[in-house]
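Colleague: Got a predicted structure plus its sequence, pasted below:
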Protein chains: 2
Amino acid sequence: MTAYRAPLTDMHFLLTEVFKANAVFAAMPGTAEVSADLVSAILDEAGKISEHLLSPINQSGDQQACQWNEGFVTTPTGFKDAYKAYAEGGWAGLTGHVDFGGQGMPKLLSAQIEEMFFGANSSFALYAILNTGATLTISEHASAELKERYLPKMYEGEWSGTMCLTEPHAGTDLGMIRTKALENGDGSYNLTGTKIFITAGEHDLTANIIHLVLAKLPDAPAGPKGISLFLVPKNKVGADGNLTGETNNVKCGSIEHKMGIKGSATCVMNFDGAQGWLVGKLNNGLANMFTMMNYERLSMGLQGNGLAESSYQIASEYAKERIQGRSPSGPVQPDSAADPIIVHPDVRRMLLTMRANIMAGRALSMYAALQLDVSRFHPDADVREKADKLVALLIPVQKAYCSDRGFDVCVIGQQVLGGHGYVAEWGLEQNVRDSRIAQIYEGANGIQALDLMGRKTVRSNGELLSVLLQEFDEFIAAAQSSAAMQKYLPHLGASKELIADVTRKVIARAEVNPEEIGAASYAYMELLGLTLYCFMWQRMLLAAFEKLESGQGDAAHLNGLVKTADFFFARMLLHGKALAEEIEAGSETMMAMTAEQF
Amino acid sequence: MTAYRAPLTDMHFLLTEVFKANAVFAAMPGTAEVSADLVSAILDEAGKISEHLLSPINQSGDQQACQWNEGFVTTPTGFKDAYKAYAEGGWAGLTGHVDFGGQGMPKLLSAQIEEMFFGANSSFALYAILNTGATLTISEHASAELKERYLPKMYEGEWSGTMCLTEPHAGTDLGMIRTKALENGDGSYNLTGTKIFITAGEHDLTANIIHLVLAKLPDAPAGPKGISLFLVPKNKVGADGNLTGETNNVKCGSIEHKMGIKGSATCVMNFDGAQGWLVGKLNNGLANMFTMMNYERLSMGLQGNGLAESSYQIASEYAKERIQGRSPSGPVQPDSAADPIIVHPDVRRMLLTMRANIMAGRALSMYAALQLDVSRFHPDADVREKADKLVALLIPVQKAYCSDRGFDVCVIGQQVLGGHGYVAEWGLEQNVRDSRIAQIYEGANGIQALDLMGRKTVRSNGELLSVLLQEFDEFIAAAQSSAAMQKYLPHLGASKELIADVTRKVIARAEVNPEEIGAASYAYMELLGLTLYCFMWQRMLLAAFEKLESGQGDAAHLNGLVKTADFFFARMLLHGKALAEEIEAGSETMMAMTAEQF
């Protein structure tokens, strides 16, 4: 097995050259102190943790898996020590609010760190990500008292957090949840119900686990508008923010046996009159969760990218070393029994497809993370509003498209190794299994596509897309002065026309027939994803050409990016037209079957 | 978990209505006795075995996996009894040569049975398939003495067979194998070497295991032309065809820990001066294996179809039962808390994509199996030659495209169930893991595509494709009289023009640059696969319309097929144009990167 290597060269190129992170951070009061040196130091340190702390316990974690015993969960060997080191390094509070001990770092930076953690060890990364999501929700919506009581220890990594949404009969349709909350009269509530698929619901990594739980009061309105959000600690916490020694009535009933992420505990959580505290307003639980959702969904796309990068590293190394057969144009290593398989065009097709998706996915994730930062830190309300719109549009695409392509890339990587890709030894089959979940959790990708097509596009009458397409126009205008970009820019122009045209047609048709939204949604998400990958490759090209023309930078790396872009534009982007045609085919053939005929 | 149900209605429709199996069998002396009643009885019985014998030990077999201990392999609980029942039912000799106790059944029939076995329990099916492949090779190429000594017990299922090709450093490039064979002077040879990835190399199901092993004599020509094929029994066999009580020097060194097919033993086999007998001529080993290869490759496509069918059954049932959210066009079950998810267009997109691929893949597999039968049994040499050409063209596409789509369908099925698809309980994640191998073994799909594009297309100057396209023309001519077919036939005509055009271009370009073959191969395989699925849907439609117009048959089933075809033609076939464009983009952007830049 090849160990994970942090892709720092690619990340620095994107942060510095493509997204000009230094200028962006300097322009916003909340991030003004995030200097180039600091970014570099943090990224390097995160790279070391990924390589030396998380990657070594990735395969063993998969083999051992979490073990459940009488309500308690033991994580695989090494996870506890690694989490301790993670906590001591200050990573748990990296993006946390500075008033409660967090470091207030921007998402544009922490997204890269998450990608590395997911790439090195997705099971481990989930404990970290869930805690970050929980602290964000508390920080944004909880009372000052709850924040003071819970955030410091969660930022220190001494306690961790969860999100308890799903119930056996209620996943996508959270309006149907049955977990009940009764007022105790002392400001707290009594929660009773069963939650399933709770990541990190129970484990042995931290001294306490803080559950954020969706539940309904007995007299709450029916459906999604009657859902409230509660904070339920595993072990009770006093006013001083320390454990009282009393446990709460919440137990892990069992853990799931899953395809992958086996080192991550996926728990059935039983709340049996557990004491909890309201977070935010009554019946506003879903809205409160949505703050966190955009960040969590971004993470799932990052998981796809991270594991894709890991698979690419193993597959490209294997392709350069494995000798088998001869180059079609004559021996490349005439003195050895065969040539390395990287001489074969079809092996290069696989590797280039992988690399083109990874770099574009990473860039798209940074682009979305940047919008999250701008919407949070920028002093100008108009700028924040525009960023908010881009976040709303980009997150479902980034979540679904990056996790879909991430899984595909992991599958392709496995194929490069042939039979060796199917056995556990090389780690590629684990990446396939571990990446598969990113397409499912935090809202399955079909749900993301529906959110994009319905709420974000049809219901906004295409306004959010217009904001994005203005960004395209601004880029095209700025890139006109680059001679090297001339042969590429028409691709972006054509992609823009295609998505604009398709969007108009779907909006018009949805007015007549609401089924058209769901009929178009998945192919639309894929088309917008591909269009965004096109936009990202254009931005990477412009930055690479600028750097190359300046005579600075690593020319081999930059030229490699240009050649990967050439492959993307010659062979990958063209599939967008078929997606557009699929969308235009409409809902008729999808709705013709009766349920019984399936 | 939902138990596997044999898809007999679909299979009978294809066999009887689409491929007119009864007339085909009646017209060939070797299959004249295979009556419609016999076919029906055998299929029904195979369905029962799949449902009641193999499906119940599928999930437990995955969980237990094969266990290795001191050179011996224990299969999961129930496999031994099931294999005994399989053997006693006469299934091991179903397609075997009648002179040695086989039943001489055609592949068109046995392919359906294999699909069911793979769908119900792929790990189990592999023991059966490997034996069938080994007996076929012995039957076609071994001496009369070897046939008499080995075939009867292999047909009875008392002994089983393997294929020992791959070595640690030699997979695709078998010319590099190092296993040595030395003459003993008594007509036997002494074999020494290590083989890896040997399916069913060691197990506890049968009293003996007969290995077919590729090896080289010390003075053999270098490369593939110096490879010979040997029969090496695990336990030695006397002239009377009974065990002598003496063991041979072949041991299982270990078994692989794999992503899936965990109930199938994948063995490292060490031959340490093992006694073997030559099969066929010296240095003709690879050619001798190719007889078997076409059958084995067909089986891998069938594995994809079988597991896809299993996943479809579970996913479609779930989609009809799981209630969550509301239909976009108003409640369908207003009295329940939500509607079944099958009301959603995007869930239907998933299920229709699954069903469209399964039926077309099953039809394509039957079409290829039919050509194998015609090339073997038909009395007219010209007809046999034409069938041989179709076999050569169809098998790599059927192997690669059906296993690729089979895997995709299993992944989609998992997605229909959301989080429930990721946990072991429902069986869908096992299907994904089990189906993944079909894209890899028996020649990875990239190798199939290269065989199709290079040897079968460019080197035949498109002759094999012409034979196929004549079949298209004959079908179009015959279908002209059907009014219902008029709106569909243009799709087949356009698909035919597209593949013919692309083929001409690739052949022309390959003359100038040999890299163009590998650059085009994968997309070409996918385009021809899609074109063949189009052809298969046209044939299914014509048969369905004939049946509907006659007022016979199950109208709901037939109408369901027509609606699935409508979906295929509206939304799936159109992706062929992008594949053609990808092919036309050529090799330039694939070969531009240096190896170091990857």
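Modeller: Happy to help now that I have it. Numbers count the residues shown, from 1 in each chain, chains lettered A, B, ... in the order given.
Colleague: what does the stretch 451-598 of chain A put close to chain B?
Modeller: Where proximity means C-beta under 8 Å from any C-beta of the partner chain, the interface of the stretch 451-598 of chain A facing chain B comprises A:513-515, A:517-519, A:521-522, A:556-557, A:559-560, A:563-564, A:566-567, A:570-571, A:574-575, A:577-578, A:581-582, A:585, A:587-598. Placement of C-beta: from N, CA and C, glycine included.
Colleague: tell me which element residue A:391 is part of?
Modeller: helix A:381-416 (DSSP states H and E).
Colleague: how distant is that helix from the center of its chain?
Modeller: Its chain's average C-alpha position is 7 Å from that of helix A:381-416, according to C-alpha atoms, centre = their mean, to the nearest Å.
Colleague: and it with helix B:381-416, angle?
Modeller: Here the directions of helix A:381-416 and helix B:381-416 differ by 140 degrees (axes from the mean of the first three to the mean of the last three C-alpha atoms, to 10 degrees).
Colleague: helices or strands up against the next helix-or-strand element following helix A:381-416?
Modeller: Sequence order places helix A:419-422 as the next helix or strand after helix A:381-416, per DSSP H and E. Helices and strands touching helix A:419-422, as assessed by 3 or more C-beta pairs under 8 Å, 6 or more residues apart in numbering or on different chains; DSSP states H and E, comprise helix A:381-416, helix A:428-436.
Colleague: Please enumerate residues in contact with helix A:419-422?
Modeller: By C-beta atoms under 8 Å, 6 or more residues apart in numbering or on different chains, the residues outside helix A:419-422 that reach it are A:318, A:413-415, A:426, A:428-429, B:166, B:171, B:196-197, B:258-260, B:436-437, B:440-441.
Colleague: hmm, try it at 6 Å
Modeller: Helix A:419-422 is contacted from outside by A:414, A:426, A:428-429, B:197, B:258-259, B:437, B:440, using C-beta atoms under 6 Å, 6 or more residues apart in numbering or on different chains.
Colleague: and residue A:289, what pLDDT?
Modeller: For residue A:289, the model assigns a pLDDT of 89.
Colleague: Surely it is within a helix?
Modeller: Yes - assignment of residue A:289 by DSSP: H, G, I helix; E, B strand; the rest coil places it within a helix.
Colleague: That one: neighbouring residues, count only.
Modeller: Neighbouring residues of residue A:289 were enumerated by other C-beta atoms under 10 Å in any protein chain shown; the total is 22.
Colleague: Likewise for residue A:552?
Modeller: Residue A:552 is surrounded by 11 other residues when neighbours are defined as other C-beta under 10 Å.
Colleague: Can you tell me how far it is from chain B?
Modeller: Separation of residue A:552 from chain B (C-beta to the nearest C-beta, to the nearest Å) stands at 19 Å.
Colleague: Let me know the helix or strand that that residue is in.
Modeller: With DSSP H and E as criterion, residue A:552 is part of no helix or strand.
Colleague: before we move on, the earlier item: which ones among the residues of the stretch 451-598 of chain A next to chain B map onto helices?
Modeller: Counting by DSSP state H, these place A:515, A:517-519, A:521-522, A:556-557, A:559-560, A:563-564, A:566-567, A:577-578, A:581-582, A:588-591 in helices.
Colleague: Quick one: buried ones out of these?
Modeller: Burial by neighbour count, 16 or more other C-beta atoms under 10 Å in any protein chain shown: within these this picks out A:515, A:517-519, A:521-522, A:559-560, A:563-564, A:566-567, A:577-578, A:581-582, A:589-591.
Colleague: ok, back up a step: I'd like the contacts of helix A:419-422 as a markdown table, with neighbour count and distance to residue A:38 appended.
Modeller: As requested, the contacts of helix A:419-422 are exported to a markdown table (neighbours: other C-beta atoms under 10 Å in any protein chain shown; distance: C-beta to C-beta, whole Å):
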| residue | neighbour count | distance to residue A:38 |
| --- | --- | --- |
| A:414 | 26 | 38 |
| A:426 | 21 | 36 |
| A:428 | 30 | 35 |
| A:429 | 28 | 38 |
| B:197 | 24 | 50 |
| B:258 | 22 | 45 |
| B:259 | 24 | 42 |
| B:437 | 27 | 47 |
| B:440 | 23 | 46 |
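Colleague: can I assume residue A:465 sits in a strand?
Modeller: No - secondary structure of residue A:465, determined by three-state DSSP: helix, with no strand assignment.
Colleague: Please name the spatially closest residue to it (chain neighbours excluded).
Modeller: Closest residue in space to residue A:465, ignoring its immediate chain neighbours: residue A:503 at 5.6 Å, by C-beta to C-beta, 6 or more residues apart in numbering or on different chains.
Colleague: about what we covered before: if we go by neighbour counts, what in the helix holding residue A:391 is buried?
Modeller: Taking 16+ other C-beta under 10 Å as the basis for neighbour counts, the residues of helix A:381-416 that come out buried are A:384, A:386-416.
Colleague: Stretch A:88-103 too?
Modeller: Per 16+ other C-beta under 10 Å, stretch A:88-103 contains these buried residues: A:90-97, A:100-103.
Colleague: Identify, from the residues you listed, the entry nearest to residue B:448.
Modeller: Distance ranking of the buried residues of stretch A:88-103 against residue B:448, using C-beta to C-beta, places residue A:91 first at 46.2 Å.
Colleague: what's the spacing between that closest one and chain B?
Modeller: In this structure, residue A:91 lies at 27 Å from chain B, with C-beta to the nearest C-beta as the measure.
Colleague: doesn't residue B:515 make contact with residue A:328?
Modeller: Yes - if you go by C-beta atoms under 6 Å, residue A:328 and residue B:515 touch, sitting 5.4 Å apart.
Colleague: Would you mind putting the helices and strands packed on helix A:419-422 into a markdown table with distance to residue B:372 and mean pLDDT alongside?
Modeller: Formatted as a markdown table, the helices and strands packed on helix A:419-422 follow (distance: least, C-beta to C-beta, whole Å; pLDDT from 0 to 100):
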| stretch | distance to residue B:372 | mean pLDDT |
| --- | --- | --- |
| helix A:381-416 | 27 | 98 |
| helix A:428-436 | 32 | 98 |
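Colleague: What pLDDT does the model give the one residue in the stretch 1-150 of chain A that gets nearest to chain B?
Modeller: Closest approach between the stretch 1-150 of chain A and chain B, counting by C-beta to the nearest C-beta: residue A:63, at 8.5 Å. On the pLDDT scale, residue A:63 is placed at 98.
Colleague: how far is the strand or helix carrying it from where the chain is centred?
Modeller: Assigning secondary structure by DSSP H and E places residue A:63 in helix A:58-64. Taking C-alpha atoms, centre = their mean, one finds helix A:58-64 lying 22 Å from the centre of the chain it belongs to.
Colleague: With only the CA atoms kept, save that helix in PDB.
Modeller: C-alpha atoms of helix A:58-64 as PDB (Å, rounded to 0.1, in the frame of the first residue of the first chain):
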ATOM      1  CA  ASN A  58      -6.500   4.100   7.800                       C
ATOM      2  CA  GLN A  59      -6.300   0.500   6.600                       C
ATOM      3  CA  SER A  60      -6.100  -1.000  10.100                       C
ATOM      4  CA  GLY A  61      -9.100   1.000  11.100                       C
ATOM      5  CA  ASP A  62     -11.000  -0.500   8.200                       C
ATOM      6  CA  GLN A  63     -10.000  -4.000   9.100                       C
ATOM      7  CA  GLN A  64     -10.700  -3.600  12.800                       C
END
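Colleague: Next, the buried residues of it.
Modeller: Buried residues in helix A:58-64, counting neighbours by 16+ other C-beta under 10 Å, are found at A:58-59, A:61-62, A:64.
Colleague: go on, stretch A:260-272?
Modeller: Of the residues in stretch A:260-272, those buried under the neighbour-count criterion (16+ other C-beta under 10 Å) are A:260-271.
Colleague: And chain B, is it touching that?
Modeller: No - looking at stretch A:260-272 against chain B by C-beta under 6 Å from any C-beta of the partner chain, there are no contacts, and the closest approach is 7.8 Å.
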